[in-house]
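# got a sequence here, can you build the structure:
(2 chains)
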Amino acid sequence: MTVRTRFAPSPTGYLHIGGARTALFCWLYSRHHDGDFILRIEDTDRERSTPEAVQAILDGMEWLGLGHDEGPFYQTERFDRYKELVQKLLDEGKAYHCYCTKEELDERRAEQMANKEKPRYDGRCRDRKEPREGVDPVVRFRNPQEGAVVIEDHVRGKVTYNNTELDDLIIARSDGTPTYNFTVVVDDMDMEITHVIRGDDHLNNTPRQINIFKALGKEPPQFAHLPMILGPDGAKLSKRHGAVSVMEYRKEGFLPEAVRNYLVRLGWAHGDQEIFSTEEMVKLFDIADVNHSASAINPSKLEWLNQHYIKEGDAEVLAEELQWHFEQMGVDTANGPSLAGVVKANQERAKTFVEMAENSRFFYEDFAEYDEKAARKVLKPDAVEPLQAVRDSLAELDDWQAEKIHEVVIATGEKLDLKLGKVAQPIRVAVAGKGISPPIDATLELLGKDKTLERIDTAIKHIADHTAYEK
RNA sequence: GCUCCCUUCGUCUAGUGGUUAGGACGUGGCCCUCUCAAGGCUGAAACACGAGUUCGAAUCUCGUAGGGAGCGCCA
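Here you go, the predicted model:
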(Lines give C-alpha, C1' and ligand atoms only; values in the text may rest on other atoms or scores of the structure.)
Protein backbone atom coordinates (compact mmCIF):
# COMPACT_ATOMS: atom_id res chain seq x y z
CA MET A 1 0.00 0.00 0.00
CA THR A 2 1.31 3.43 -0.90
CA VAL A 3 1.96 5.73 2.00
CA ARG A 4 -0.07 8.91 1.73
CA THR A 5 0.42 11.79 4.13
CA ARG A 6 -1.15 15.20 4.17
CA PHE A 7 -0.54 18.65 5.51
CA ALA A 8 -3.81 20.39 6.28
CA PRO A 9 -3.41 23.94 7.50
CA SER A 10 -6.28 26.35 7.95
CA PRO A 11 -5.57 29.60 6.14
CA THR A 12 -6.12 31.96 9.02
CA GLY A 13 -2.51 33.14 9.10
CA TYR A 14 0.91 32.61 7.61
CA LEU A 15 2.86 29.38 7.79
CA HIS A 16 4.66 29.54 11.11
CA ILE A 17 7.58 27.53 12.30
CA GLY A 18 5.44 24.88 14.02
CA GLY A 19 3.34 24.29 10.94
CA ALA A 20 6.45 24.18 8.83
CA ARG A 21 7.93 21.46 11.01
CA THR A 22 4.72 19.44 10.76
CA ALA A 23 4.74 19.87 6.98
CA LEU A 24 8.40 18.84 6.85
CA PHE A 25 7.78 15.64 8.80
CA CYS A 26 4.77 14.75 6.67
CA TRP A 27 6.77 15.42 3.55
CA LEU A 28 9.77 13.48 4.81
CA TYR A 29 7.69 10.50 5.78
CA SER A 30 6.01 10.30 2.40
CA ARG A 31 9.33 10.73 0.57
CA HIS A 32 11.01 8.11 2.71
CA HIS A 33 8.35 5.59 1.79
CA ASP A 34 8.18 6.71 -1.79
CA GLY A 35 4.61 7.77 -1.15
CA ASP A 36 2.41 10.78 -1.83
CA PHE A 37 2.20 14.07 -0.02
CA ILE A 38 -1.13 15.86 -0.21
CA LEU A 39 -1.81 19.50 0.57
CA ARG A 40 -5.24 20.36 1.82
CA ILE A 41 -6.51 23.78 2.80
CA GLU A 42 -9.00 23.61 5.66
CA ASP A 43 -10.93 26.76 4.98
CA THR A 44 -14.37 25.91 6.30
CA ASP A 45 -14.18 28.84 8.68
CA ARG A 46 -15.06 31.41 6.07
CA GLU A 47 -14.87 34.30 8.49
CA ARG A 48 -11.24 33.84 9.32
CA SER A 49 -9.84 32.28 6.16
CA THR A 50 -8.24 34.60 3.63
CA PRO A 51 -6.76 34.16 0.17
CA GLU A 52 -3.66 36.01 1.37
CA ALA A 53 -3.11 33.38 4.02
CA VAL A 54 -3.51 30.62 1.44
CA GLN A 55 -0.87 32.30 -0.66
CA ALA A 56 1.42 32.75 2.33
CA ILE A 57 1.21 29.04 3.08
CA LEU A 58 1.88 28.12 -0.53
CA ASP A 59 4.86 30.50 -0.63
CA GLY A 60 6.27 29.14 2.59
CA MET A 61 6.02 25.55 1.43
CA GLU A 62 7.66 26.39 -1.85
CA TRP A 63 10.47 28.29 -0.19
CA LEU A 64 11.18 25.33 2.06
CA GLY A 65 11.12 23.01 -0.92
CA LEU A 66 8.19 20.96 0.32
CA GLY A 67 6.44 20.16 -2.90
CA HIS A 68 3.12 18.31 -2.82
CA ASP A 69 1.99 15.55 -5.14
CA GLU A 70 -1.72 16.32 -4.96
CA GLY A 71 -3.75 19.38 -4.18
CA PRO A 72 -4.12 21.91 -2.87
CA PHE A 73 -7.61 20.73 -2.13
CA TYR A 74 -10.03 23.20 -0.61
CA GLN A 75 -12.66 22.06 1.83
CA THR A 76 -15.00 24.83 0.78
CA GLU A 77 -15.23 23.08 -2.58
CA ARG A 78 -16.34 19.82 -1.01
CA PHE A 79 -19.46 20.86 0.85
CA ASP A 80 -21.72 18.63 -1.24
CA ARG A 81 -19.72 15.62 -0.26
CA TYR A 82 -19.86 16.48 3.44
CA LYS A 83 -23.61 17.02 3.22
CA GLU A 84 -24.05 13.69 1.54
CA LEU A 85 -22.26 11.88 4.34
CA VAL A 86 -23.99 13.81 7.11
CA GLN A 87 -27.26 12.68 5.55
CA LYS A 88 -25.98 9.12 5.38
CA LEU A 89 -25.21 9.09 9.10
CA LEU A 90 -28.59 10.64 9.78
CA ASP A 91 -30.33 7.98 7.73
CA GLU A 92 -28.48 5.24 9.53
CA GLY A 93 -29.25 6.67 12.93
CA LYS A 94 -25.59 7.35 13.63
CA ALA A 95 -26.27 11.04 13.87
CA TYR A 96 -29.28 13.05 14.98
CA HIS A 97 -30.75 16.54 15.00
CA CYS A 98 -30.23 18.56 18.11
CA TYR A 99 -32.48 21.50 18.82
CA CYS A 100 -30.67 22.96 21.78
CA THR A 101 -29.85 26.60 21.18
CA LYS A 102 -26.43 28.07 21.49
CA GLU A 103 -27.58 30.04 24.51
CA GLU A 104 -28.89 26.95 26.27
CA LEU A 105 -25.66 25.14 25.56
CA ASP A 106 -23.58 27.99 26.89
CA GLU A 107 -25.66 28.08 30.00
CA ARG A 108 -25.26 24.39 30.66
CA ARG A 109 -21.56 24.55 30.01
CA ALA A 110 -21.17 27.34 32.53
CA GLU A 111 -23.14 25.31 35.05
CA GLN A 112 -20.95 22.27 34.56
CA MET A 113 -17.80 24.32 34.93
CA ALA A 114 -19.20 25.81 38.13
CA ASN A 115 -19.80 22.29 39.42
CA LYS A 116 -16.21 21.39 38.48
CA GLU A 117 -17.37 18.89 35.92
CA LYS A 118 -15.95 18.35 32.49
CA PRO A 119 -18.20 20.43 30.22
CA ARG A 120 -19.97 18.17 27.78
CA TYR A 121 -23.22 17.81 25.90
CA ASP A 122 -25.72 15.84 27.94
CA GLY A 123 -27.32 14.06 25.00
CA ARG A 124 -30.82 15.27 25.66
CA CYS A 125 -31.82 15.37 21.97
CA ARG A 126 -30.52 11.88 21.27
CA ASP A 127 -33.97 10.35 21.13
CA ARG A 128 -35.94 13.41 20.23
CA LYS A 129 -38.44 12.77 17.47
CA GLU A 130 -40.12 16.13 17.11
CA PRO A 131 -38.59 19.28 15.72
CA ARG A 132 -38.67 22.36 17.86
CA GLU A 133 -40.46 25.42 16.66
CA GLY A 134 -38.22 28.24 15.49
CA VAL A 135 -34.94 26.42 15.94
CA ASP A 136 -32.69 25.33 13.08
CA PRO A 137 -31.17 22.13 14.37
CA VAL A 138 -27.51 21.13 14.30
CA VAL A 139 -26.50 17.58 13.55
CA ARG A 140 -24.71 15.66 16.25
CA PHE A 141 -22.71 12.50 15.90
CA ARG A 142 -24.03 9.67 18.05
CA ASN A 143 -20.86 8.68 19.83
CA PRO A 144 -20.73 5.15 21.28
CA GLN A 145 -21.37 5.21 25.02
CA GLU A 146 -19.52 2.04 25.87
CA GLY A 147 -16.06 0.68 25.40
CA ALA A 148 -12.91 2.58 24.68
CA VAL A 149 -10.93 3.89 21.75
CA VAL A 150 -7.32 2.79 21.62
CA ILE A 151 -4.92 4.79 19.50
CA GLU A 152 -1.69 3.16 18.50
CA ASP A 153 0.14 6.39 17.98
CA HIS A 154 3.45 6.18 16.14
CA VAL A 155 5.14 8.58 18.45
CA ARG A 156 3.14 8.31 21.68
CA GLY A 157 2.49 4.61 21.71
CA LYS A 158 -0.79 3.30 23.03
CA VAL A 159 -3.25 5.95 24.21
CA THR A 160 -6.65 4.93 25.51
CA TYR A 161 -9.84 6.97 25.84
CA ASN A 162 -13.04 5.73 27.37
CA ASN A 163 -16.04 6.48 25.22
CA THR A 164 -17.79 7.82 28.30
CA GLU A 165 -15.39 10.74 28.12
CA LEU A 166 -16.59 11.65 24.67
CA ASP A 167 -19.84 13.47 24.05
CA ASP A 168 -21.90 13.82 20.92
CA LEU A 169 -20.09 16.43 18.92
CA ILE A 170 -21.69 18.67 16.34
CA ILE A 171 -20.84 17.63 12.80
CA ALA A 172 -23.06 20.11 10.98
CA ARG A 173 -23.99 23.59 12.12
CA SER A 174 -27.51 24.94 12.08
CA ASP A 175 -26.75 26.60 8.75
CA GLY A 176 -25.86 23.19 7.35
CA THR A 177 -22.11 23.70 7.09
CA PRO A 178 -19.90 20.89 8.36
CA THR A 179 -17.46 21.22 11.24
CA TYR A 180 -13.78 20.42 11.51
CA ASN A 181 -13.84 17.00 13.14
CA PHE A 182 -16.18 15.75 10.47
CA THR A 183 -14.52 17.29 7.40
CA VAL A 184 -11.10 15.97 8.40
CA VAL A 185 -12.43 12.47 8.63
CA VAL A 186 -14.26 12.67 5.33
CA ASP A 187 -11.25 14.13 3.58
CA ASP A 188 -8.74 11.74 5.06
CA MET A 189 -11.04 8.94 4.02
CA ASP A 190 -11.70 10.20 0.49
CA MET A 191 -8.09 11.16 -0.10
CA GLU A 192 -7.02 7.76 1.18
CA ILE A 193 -4.61 9.15 3.71
CA THR A 194 -2.68 6.34 5.35
CA HIS A 195 -0.77 8.36 7.95
CA VAL A 196 -2.07 11.38 9.76
CA ILE A 197 0.94 13.27 11.10
CA ARG A 198 -0.03 16.41 12.96
CA GLY A 199 0.49 18.49 16.07
CA ASP A 200 0.03 17.24 19.57
CA ASP A 201 -2.91 19.55 20.05
CA HIS A 202 -4.99 17.17 17.97
CA LEU A 203 -4.40 14.10 20.09
CA ASN A 204 -7.58 14.74 22.03
CA ASN A 205 -9.59 14.97 18.81
CA THR A 206 -8.35 11.65 17.57
CA PRO A 207 -10.70 9.28 19.43
CA ARG A 208 -13.71 11.23 18.17
CA GLN A 209 -12.40 11.07 14.64
CA ILE A 210 -11.74 7.35 14.93
CA ASN A 211 -15.35 6.83 15.99
CA ILE A 212 -16.56 8.79 12.99
CA PHE A 213 -14.34 6.72 10.70
CA LYS A 214 -15.92 3.59 12.09
CA ALA A 215 -19.43 4.99 11.72
CA LEU A 216 -18.63 5.73 8.11
CA GLY A 217 -17.55 2.13 7.73
CA LYS A 218 -13.89 2.87 7.22
CA GLU A 219 -10.72 1.80 8.93
CA PRO A 220 -9.03 4.84 10.42
CA PRO A 221 -5.54 5.73 9.21
CA GLN A 222 -2.38 5.49 11.29
CA PHE A 223 -1.70 8.42 13.58
CA ALA A 224 1.42 10.21 14.74
CA HIS A 225 1.20 13.23 17.01
CA LEU A 226 4.16 15.56 17.06
CA PRO A 227 5.22 17.44 20.17
CA MET A 228 4.82 21.19 20.13
CA ILE A 229 7.42 23.79 19.38
CA LEU A 230 8.02 26.48 21.97
CA GLY A 231 9.59 29.91 21.80
CA PRO A 232 13.21 30.46 22.87
CA ASP A 233 11.99 31.24 26.38
CA GLY A 234 10.15 27.94 26.63
CA ALA A 235 6.79 29.65 26.40
CA LYS A 236 4.20 29.10 23.73
CA LEU A 237 5.22 30.27 20.29
CA SER A 238 3.85 33.72 19.62
CA LYS A 239 4.30 36.82 17.55
CA ARG A 240 6.35 38.24 20.35
CA HIS A 241 9.16 35.96 19.29
CA GLY A 242 9.66 37.93 16.13
CA ALA A 243 10.10 35.82 13.05
CA VAL A 244 7.20 33.45 13.27
CA SER A 245 6.26 33.26 9.62
CA VAL A 246 8.76 31.11 7.74
CA MET A 247 9.03 33.80 5.09
CA GLU A 248 10.19 36.13 7.83
CA TYR A 249 13.24 33.93 8.15
CA ARG A 250 14.17 34.68 4.59
CA LYS A 251 13.93 38.38 5.31
CA GLU A 252 16.23 37.88 8.24
CA GLY A 253 18.80 36.33 5.96
CA PHE A 254 18.32 32.61 6.43
CA LEU A 255 18.62 29.96 3.76
CA PRO A 256 15.79 27.45 3.35
CA GLU A 257 18.19 24.53 3.70
CA ALA A 258 19.33 25.89 7.05
CA VAL A 259 15.76 26.29 8.28
CA ARG A 260 14.91 22.81 7.07
CA ASN A 261 17.97 21.31 8.73
CA TYR A 262 17.16 23.18 11.91
CA LEU A 263 13.56 22.02 11.87
CA VAL A 264 14.34 18.38 11.26
CA ARG A 265 16.44 18.30 14.42
CA LEU A 266 13.60 19.68 16.50
CA GLY A 267 12.10 16.56 17.99
CA TRP A 268 14.10 14.16 15.90
CA ALA A 269 17.68 12.96 15.86
CA HIS A 270 19.84 10.41 14.18
CA GLY A 271 22.60 9.71 16.67
CA ASP A 272 25.04 12.58 16.86
CA GLN A 273 24.50 13.88 13.36
CA GLU A 274 23.69 17.57 13.06
CA ILE A 275 24.00 18.28 9.36
CA PHE A 276 21.57 16.60 7.01
CA SER A 277 21.27 17.06 3.30
CA THR A 278 17.77 16.68 1.93
CA GLU A 279 18.65 13.23 0.63
CA GLU A 280 19.95 12.16 4.02
CA MET A 281 16.86 13.42 5.79
CA VAL A 282 14.64 11.48 3.44
CA LYS A 283 16.75 8.38 3.82
CA LEU A 284 17.10 8.47 7.59
CA PHE A 285 13.85 9.95 8.82
CA ASP A 286 11.50 7.72 10.69
CA ILE A 287 8.42 8.85 12.55
CA ALA A 288 9.10 6.28 15.27
CA ASP A 289 12.26 8.17 16.23
CA VAL A 290 10.38 11.35 17.01
CA ASN A 291 10.64 12.64 20.59
CA HIS A 292 7.81 12.87 23.04
CA SER A 293 8.46 16.24 24.55
CA ALA A 294 8.05 19.79 23.30
CA SER A 295 11.14 21.63 22.14
CA ALA A 296 12.13 25.25 22.41
CA ILE A 297 13.60 26.94 19.37
CA ASN A 298 17.19 28.06 19.66
CA PRO A 299 17.94 31.01 17.37
CA SER A 300 21.70 30.78 17.76
CA LYS A 301 21.75 27.20 16.58
CA LEU A 302 19.74 28.20 13.53
CA GLU A 303 22.35 30.89 12.89
CA TRP A 304 25.12 28.38 13.19
CA LEU A 305 23.40 26.12 10.69
CA ASN A 306 22.82 29.05 8.38
CA GLN A 307 26.47 29.99 8.58
CA HIS A 308 27.34 26.41 7.75
CA TYR A 309 25.23 26.47 4.61
CA ILE A 310 26.60 29.85 3.60
CA LYS A 311 30.11 28.51 4.06
CA GLU A 312 29.45 25.35 2.10
CA GLY A 313 27.22 26.83 -0.56
CA ASP A 314 28.00 27.63 -4.17
CA ALA A 315 28.92 31.29 -4.49
CA GLU A 316 27.07 31.75 -7.76
CA VAL A 317 23.87 30.42 -6.24
CA LEU A 318 24.26 32.34 -3.00
CA ALA A 319 24.87 35.49 -5.03
CA GLU A 320 21.22 35.47 -6.07
CA GLU A 321 20.14 35.52 -2.45
CA LEU A 322 22.54 38.36 -1.71
CA GLN A 323 21.13 40.25 -4.66
CA TRP A 324 17.64 39.81 -3.24
CA HIS A 325 18.74 41.28 0.06
CA PHE A 326 20.44 44.22 -1.58
CA GLU A 327 17.21 44.89 -3.41
CA GLN A 328 15.34 44.81 -0.12
CA MET A 329 17.80 47.37 1.19
CA GLY A 330 17.53 49.51 -1.90
CA VAL A 331 21.16 49.04 -2.86
CA ASP A 332 21.95 49.12 -6.55
CA THR A 333 24.55 46.49 -7.38
CA ALA A 334 24.89 47.32 -11.06
CA ASN A 335 28.05 49.34 -10.56
CA GLY A 336 30.32 47.32 -8.37
CA PRO A 337 32.09 44.00 -7.99
CA SER A 338 30.48 40.73 -8.93
CA LEU A 339 28.12 39.47 -6.27
CA ALA A 340 29.67 36.03 -6.41
CA GLY A 341 33.02 37.59 -5.62
CA VAL A 342 31.58 39.41 -2.64
CA VAL A 343 29.93 36.20 -1.48
CA LYS A 344 33.21 34.30 -1.71
CA ALA A 345 34.96 36.93 0.37
CA ASN A 346 32.22 36.70 3.00
CA GLN A 347 31.32 33.04 3.16
CA GLU A 348 33.33 32.46 6.30
CA ARG A 349 32.25 35.63 8.00
CA ALA A 350 28.50 35.93 7.83
CA LYS A 351 25.82 34.22 9.84
CA THR A 352 23.02 35.63 7.73
CA PHE A 353 22.55 37.37 4.42
CA VAL A 354 21.38 40.47 6.20
CA GLU A 355 24.74 40.61 7.92
CA MET A 356 26.56 39.90 4.67
CA ALA A 357 24.67 42.58 2.80
CA GLU A 358 25.15 45.18 5.48
CA ASN A 359 28.84 44.43 5.74
CA SER A 360 29.27 44.55 1.97
CA ARG A 361 27.30 47.66 1.25
CA PHE A 362 30.47 49.73 0.91
CA PHE A 363 31.39 47.86 -2.26
CA TYR A 364 28.42 49.41 -4.02
CA GLU A 365 27.82 52.69 -2.27
CA ASP A 366 29.99 55.42 -0.83
CA PHE A 367 29.46 55.74 2.88
CA ALA A 368 28.46 59.06 4.34
CA GLU A 369 30.70 58.87 7.34
CA TYR A 370 33.19 56.65 9.11
CA ASP A 371 32.26 54.39 11.94
CA GLU A 372 33.06 56.64 14.85
CA LYS A 373 34.90 54.14 17.00
CA ALA A 374 36.96 52.74 14.16
CA ALA A 375 37.92 56.17 12.87
CA ARG A 376 38.94 57.42 16.27
CA LYS A 377 41.10 54.39 16.82
CA VAL A 378 42.67 54.02 13.41
CA LEU A 379 42.43 57.19 11.34
CA LYS A 380 45.04 59.06 13.30
CA PRO A 381 47.99 61.17 12.17
CA ASP A 382 50.38 58.23 12.35
CA ALA A 383 48.25 56.46 9.75
CA VAL A 384 48.93 59.09 7.13
CA GLU A 385 52.38 57.83 6.26
CA PRO A 386 51.43 54.18 5.61
CA LEU A 387 48.25 55.25 3.84
CA GLN A 388 50.13 57.57 1.55
CA ALA A 389 52.84 54.99 0.91
CA VAL A 390 50.36 52.26 0.07
CA ARG A 391 48.36 54.64 -2.06
CA ASP A 392 51.40 55.59 -4.08
CA SER A 393 52.48 52.00 -4.60
CA LEU A 394 48.99 50.91 -5.50
CA ALA A 395 48.70 53.70 -8.01
CA GLU A 396 51.64 52.14 -9.81
CA LEU A 397 50.03 48.73 -9.81
CA ASP A 398 48.63 47.69 -13.15
CA ASP A 399 47.81 44.10 -12.37
CA TRP A 400 44.99 44.69 -9.90
CA GLN A 401 44.60 41.40 -8.14
CA ALA A 402 44.68 40.26 -4.54
CA GLU A 403 48.05 38.58 -4.74
CA LYS A 404 49.78 41.71 -6.06
CA ILE A 405 47.91 43.96 -3.65
CA HIS A 406 49.01 41.73 -0.83
CA GLU A 407 52.64 42.14 -1.86
CA VAL A 408 52.28 45.89 -1.87
CA VAL A 409 50.77 45.97 1.59
CA ILE A 410 53.49 43.68 2.98
CA ALA A 411 56.26 45.65 1.31
CA THR A 412 54.91 48.91 2.67
CA GLY A 413 54.90 47.52 6.18
CA GLU A 414 58.46 46.33 5.87
CA LYS A 415 59.66 49.57 4.38
CA LEU A 416 58.15 51.64 7.17
CA ASP A 417 58.98 49.05 9.78
CA LEU A 418 55.34 48.75 10.78
CA LYS A 419 53.35 45.72 11.79
CA LEU A 420 50.82 44.58 9.24
CA GLY A 421 47.97 45.78 11.40
CA LYS A 422 49.29 49.31 11.34
CA VAL A 423 49.07 49.30 7.57
CA ALA A 424 46.05 47.14 6.84
CA GLN A 425 43.67 48.53 9.40
CA PRO A 426 43.88 52.17 8.25
CA ILE A 427 43.28 51.01 4.69
CA ARG A 428 40.34 48.98 5.86
CA VAL A 429 38.67 51.89 7.61
CA ALA A 430 39.52 54.14 4.67
CA VAL A 431 37.81 51.94 2.09
CA ALA A 432 35.11 50.24 4.15
CA GLY A 433 34.32 53.08 6.52
CA LYS A 434 34.52 50.67 9.42
CA GLY A 435 36.87 48.25 11.06
CA ILE A 436 35.32 45.16 9.56
CA SER A 437 35.85 43.68 6.13
CA PRO A 438 37.22 40.59 4.41
CA PRO A 439 41.04 40.37 4.18
CA ILE A 440 42.37 43.65 2.91
CA ASP A 441 43.82 42.32 -0.34
CA ALA A 442 40.58 40.64 -1.33
CA THR A 443 38.63 43.72 -0.30
CA LEU A 444 40.69 46.04 -2.45
CA GLU A 445 40.58 43.73 -5.42
CA LEU A 446 36.81 43.68 -5.26
CA LEU A 447 36.52 47.40 -4.71
CA GLY A 448 38.65 48.19 -7.71
CA LYS A 449 41.60 50.48 -8.19
CA ASP A 450 39.80 53.77 -8.78
CA LYS A 451 37.57 53.54 -5.75
CA THR A 452 40.44 52.35 -3.58
CA LEU A 453 42.69 55.30 -4.42
CA GLU A 454 39.82 57.71 -4.14
CA ARG A 455 38.81 56.51 -0.69
CA ILE A 456 42.37 56.45 0.60
CA ASP A 457 42.74 60.07 -0.51
CA THR A 458 39.54 60.96 1.25
CA ALA A 459 40.77 59.28 4.41
CA ILE A 460 44.06 61.14 4.38
CA LYS A 461 42.16 64.37 3.98
CA HIS A 462 39.85 63.37 6.78
CA ILE A 463 42.78 62.83 9.12
CA ALA A 464 44.22 66.21 8.22
CA ASP A 465 40.88 67.98 8.77
CA HIS A 466 40.22 66.17 11.95
CA THR A 467 43.67 66.90 13.34
CA ALA A 468 43.44 70.57 12.38
CA TYR A 469 40.06 70.80 14.02
CA GLU A 470 41.37 69.29 17.23
CA LYS A 471 44.11 71.87 17.39
C1' G B 1 -12.31 20.97 37.51
C1' C B 2 -12.13 16.59 34.22
C1' U B 3 -9.49 13.69 30.32
C1' C B 4 -5.02 12.97 27.77
C1' C B 5 0.18 14.00 27.11
C1' C B 6 5.21 15.39 28.67
C1' U B 7 10.00 15.70 32.15
C1' U B 8 18.68 14.01 30.47
C1' C B 9 23.60 20.16 30.63
C1' G B 10 20.80 27.21 29.54
C1' U B 11 18.90 25.05 24.58
C1' C B 12 18.54 20.82 20.76
C1' U B 13 19.54 15.86 21.74
C1' A B 14 22.28 10.47 22.20
C1' G B 15 21.12 6.80 25.54
C1' U B 16 16.23 1.08 25.51
C1' G B 17 19.31 -2.61 33.04
C1' G B 18 26.05 -2.38 33.99
C1' U B 19 28.81 4.32 30.11
C1' U B 20 34.22 8.42 33.56
C1' A B 21 26.03 9.84 31.12
C1' G B 22 28.15 11.08 24.65
C1' G B 23 27.50 14.98 20.78
C1' A B 24 25.83 19.87 19.00
C1' C B 25 24.52 25.25 19.76
C1' G B 26 25.70 28.82 23.19
C1' U B 27 29.33 30.05 27.01
C1' G B 28 34.78 30.48 29.70
C1' G B 29 40.09 29.90 28.54
C1' C B 30 44.23 29.15 25.17
C1' C B 31 46.33 29.02 20.05
C1' C B 32 46.16 31.18 15.10
C1' U B 33 45.49 36.25 13.16
C1' C B 34 45.67 42.81 9.13
C1' U B 35 39.74 43.60 11.31
C1' C B 36 35.54 40.50 11.62
C1' A B 37 35.14 35.68 11.16
C1' A B 38 36.53 30.74 10.27
C1' G B 39 39.63 26.88 12.30
C1' G B 40 42.33 23.99 16.29
C1' C B 41 42.83 22.65 21.49
C1' U B 42 40.57 22.93 26.19
C1' G B 43 37.05 24.03 30.62
C1' A B 44 32.33 24.49 33.15
C1' A B 45 27.47 22.53 32.57
C1' A B 46 22.16 17.55 32.97
C1' C B 47 19.29 12.26 34.32
C1' A B 48 12.63 16.93 38.40
C1' C B 49 11.67 14.38 43.24
C1' G B 50 10.33 9.96 46.24
C1' A B 51 9.40 4.98 46.75
C1' G B 52 9.71 0.18 44.76
C1' U B 53 11.58 -4.17 41.22
C1' U B 54 16.74 -5.78 40.64
C1' C B 55 23.22 -7.98 42.40
C1' G B 56 22.79 -3.34 39.58
C1' A B 57 18.39 1.79 37.25
C1' A B 58 18.69 7.91 33.25
C1' U B 59 16.66 3.30 31.36
C1' C B 60 11.16 -1.01 34.26
C1' U B 61 6.67 0.01 37.95
C1' C B 62 3.98 3.23 41.10
C1' G B 63 3.39 7.82 43.33
C1' U B 64 4.60 13.28 43.96
C1' A B 65 5.78 17.86 41.88
C1' G B 66 6.06 20.88 37.71
C1' G B 67 4.72 21.88 32.58
C1' G B 68 1.45 21.35 28.23
C1' A B 69 -2.95 20.20 25.29
C1' G B 70 -8.10 19.42 24.86
C1' C B 71 -13.00 19.97 26.94
C1' G B 72 -16.90 25.54 20.91
C1' C B 73 -22.53 25.76 15.96
C1' C B 74 -12.78 27.45 15.74
C1' A B 75 -9.61 24.59 13.13
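# contacts and neighbour counts: CA atoms only from here.
Fine.
# okay, now the unreliable bits of the stretch 101-250 of chain A?
Counting by pLDDT under 70, the stretch 101-250 of chain A has low-confidence residues at A:238-243.
# try 90
The stretch 101-250 of chain A contains residues with pLDDT under 90 at A:111-118, A:123-124, A:128-135, A:233-245.
# for the most centrally placed residue in chain A, give its distance to RNA strand B.
Central residue of chain A (CA atoms, centre = their mean): residue A:246, 2.9 Å from the mean position. As judged by CA to the nearest atom of the strand, to the nearest Å, residue A:246 and RNA strand B stand 18 Å apart.
# just residue A:461 next, same as before
As judged by CA to the nearest atom of the strand, residue A:461 and RNA strand B stand 22 Å apart.
# and what of residue A:249?
The gap separating residue A:249 from RNA strand B is 16 Å, by CA to the nearest atom of the strand.
# likewise residue A:169?
In terms of CA to the nearest atom of the strand, residue A:169 sits 7 Å off from RNA strand B.
# so which elements touch the longest helix belonging to chain A?
In terms of residue count, the longest helix belonging to chain A (DSSP state H) is helix A:449-470. For helix A:449-470, the elements it packs on are helix A:384-396, helix A:420-432, judged by 3 or more CA pairs under 8 Å, 6 or more residues apart in numbering; DSSP states H and E.
# go again with 6 Å.
The contact analysis (3 or more CA pairs under 6 Å, 6 or more residues apart in numbering; DSSP states H and E) places helix A:449-470 against helix A:420-432.
# in the helix it packs on, what's buried?
Neighbour-count burial for helix A:420-432 flags A:422-432 (criterion: 16 or more other CA atoms under 10 Å).
# filter the residues you listed by proximity to RNA strand B?
Among the buried residues of helix A:420-432, the residues lying close to RNA strand B (CA under 7 Å from any atom of the strand) are A:424-425, A:428.
# and those residues, which is closest to residue A:112?
residue A:428 (72.8 Å; CA to CA).
# tell me the confidence at the closest one?
Residue A:428 carries a pLDDT value of 96.
# okay, helices next: where are they in the stretch 51-200 of chain A?
Using DSSP state H, counting those that start in this stretch, the helices assigned to the stretch 51-200 of chain A run over residues A:51-64, A:79-91, A:102-114, A:180-190.
# reformat these as TSV; add mean neighbour count.
Below are the helices of the stretch 51-200 of chain A laid out as TSV (neighbours: other CA atoms under 10 Å):
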stretch	mean neighbour count
helix A:51-64	18
helix A:79-91	16
helix A:102-114	13
helix A:180-190	19
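# for the longest helix of chain A, the distance to its chain's centre please.
45 Å (CA atoms, centre = their mean, to the nearest Å).
# likewise for stretch A:188-203?
The answer for stretch A:188-203 is 22 Å, by CA atoms, centre = their mean.
# how about stretch A:268-278?
Chain-centre distance of stretch A:268-278: 18 Å, with CA atoms, centre = their mean.
# next: stretch A:35-46.
Counting by CA atoms, centre = their mean, stretch A:35-46 comes out at 19 Å from the chain centroid.
# one step back: may I see the helices of the stretch 51-200 of chain A organised as CSV, with distance to RNA strand B added?
Below are the helices of the stretch 51-200 of chain A laid out as CSV (distance: least, CA to the nearest atom of the strand, whole Å):
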stretch, distance to RNA strand B
helix A:51-64, 12
helix A:79-91, 12
helix A:102-114, 4
helix A:180-190, 4
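# okay, these in CSV with distance to residue A:253 next?
Formatted as CSV, the helices of the stretch 51-200 of chain A follow (distance: least, CA to CA, whole Å):
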stretch, distance to residue A:253
helix A:51-64, 13
helix A:79-91, 42
helix A:102-114, 48
helix A:180-190, 36
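# relative to residue A:63, which of the ones next to RNA strand B among the buried residues of helix A:420-432 is nearest.
For these, the minimum distance to residue A:63 (CA to CA) is 36.8 Å, reached by residue A:428.
# mind checking the SS state of residue A:414?
State at residue A:414, reduced to three classes by DSSP: H, G, I helix; E, B strand; the rest coil: helix.
# give me the neighbour count for the nearest residue to residue A:363 once chain neighbours are set aside.
Nearest in space to residue A:363, with sequence neighbours left out and distances taken as CA to CA, 6 or more residues apart in numbering, is residue A:447 at 5.7 Å. Residues near residue A:447, counting by other CA atoms under 10 Å, number 20.
# so how far is residue A:327 from residue A:447?
Note on residue A:447: its distance to residue A:327, by CA to CA, to the nearest Å, is 20 Å.
# quick one: name the residues of the stretch 301-450 of chain A near RNA strand B.
Counting by CA under 7 Å from any atom of the strand, the stretch 301-450 of chain A sits next to RNA strand B at A:301-302, A:304, A:348-350, A:419-421, A:424-425, A:428, A:435-441.
# now the buried members of these.
A:302, A:304, A:349-350, A:424-425, A:428, A:435, A:437-438, A:440-441.
# show me which pair in the residues you listed is furthest apart.
The farthest-apart pair in these, when distances are taken by CA to CA, is A:302 and A:424, at 33.1 Å.
# what sits against the residue nearest to residue A:2 when sequence neighbours are not counted?
Distance criterion CA to CA, 6+ apart; nearest residue to residue A:2, sequence neighbours excluded, is residue A:35 at 5.5 Å. Contact analysis of residue A:35 by CA atoms under 6 Å, 6 or more residues apart in numbering lists A:2-4.
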